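Undergrad: Okay, predicted coordinates and the sequence, questions at the end:
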Amino acid sequence: MAKSPRTQVIATRKLEVSGGASGTLTVRIGRPRRHGRGEWVCPFEVVGLGGRRSGAGHGVDSVQALIQAVEGARTQVLATGTRIVGTFCDEPAGLPRTVPSFFGRRFALSLNRMIDRKVERFARRAARNPGGGRGVSK
């Protein structure tokens with residue numbers, strides 16, 4: 001993410017990693033801004049372990065650009081080949097995955113229903129096993 005008067009960092013996350021290398025990755029998300037007519041852009045960067053990866057999310061509005069930037073940063077964290085440890089270790093990249101909508105509404109709805117079923121099943125099992133629900137799988 002180029003440092004310029006127009007780039008304002010609105011969110012930062014520090015991730016402890018191990019694996020191929022140990023250390024910290026810093027994820028920065030910039031403020032979404034208009035980019036031409038009907039398009040928004042939201043810059044991001046992942047810095048650490050001797051490297052810097054940057055990119056931008058694009059969208060029809062600032063929310064879509066922001067969501068795409070988080071997904072882009074998530075992809076870049078995964079590309080480092082490291083494992084997240086510590087606070088955000090429940091998510092493989094330390095950032096949440098989004099349900100893709102670019103394959104159409106029907107596909108996104110199908111994925112959302114599948115996720116909802118899994119969450120409900122997990123919640124039922126966790127309710128039957130209080131205190132042990134966090135590690136419930138399947």
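TA: Nice, I can see it. Residues are numbered from 1 along each chain as shown.

Undergrad: Just give the nearest non-adjacent residue to the most centrally placed residue in the chain, would you?
TA: The centroid of the chain falls nearest to residue 95 when counting by Cα atoms, centre = their mean (3.4 Å). Spatially, and ignoring its direct neighbours in sequence, residue 95 is nearest to residue 74 (4.2 Å; Cβ to Cβ, 6 or more residues apart in numbering). Backbone N, C-alpha and C define where each C-beta goes, glycine included.

Undergrad: again, but for residue 107
TA: residue 100 (7.5 Å).

Undergrad: Distance check, that neighbour against residue 16.
TA: Look at residue 100 and residue 16: by Cβ to Cβ, to the nearest Å, they are 28 Å apart.

Undergrad: Give me the more crowded residue out of the two.
TA: More neighbours surround residue 16 than the other of residue 100 and residue 16, with 17 against 11 (other Cβ atoms under 10 Å).

Undergrad: ok, residue 55 - how many residues close by?
TA: Counted with other Cβ under 10 Å, residue 55 comes out at 17.

Undergrad: Perfect, I'm done here.
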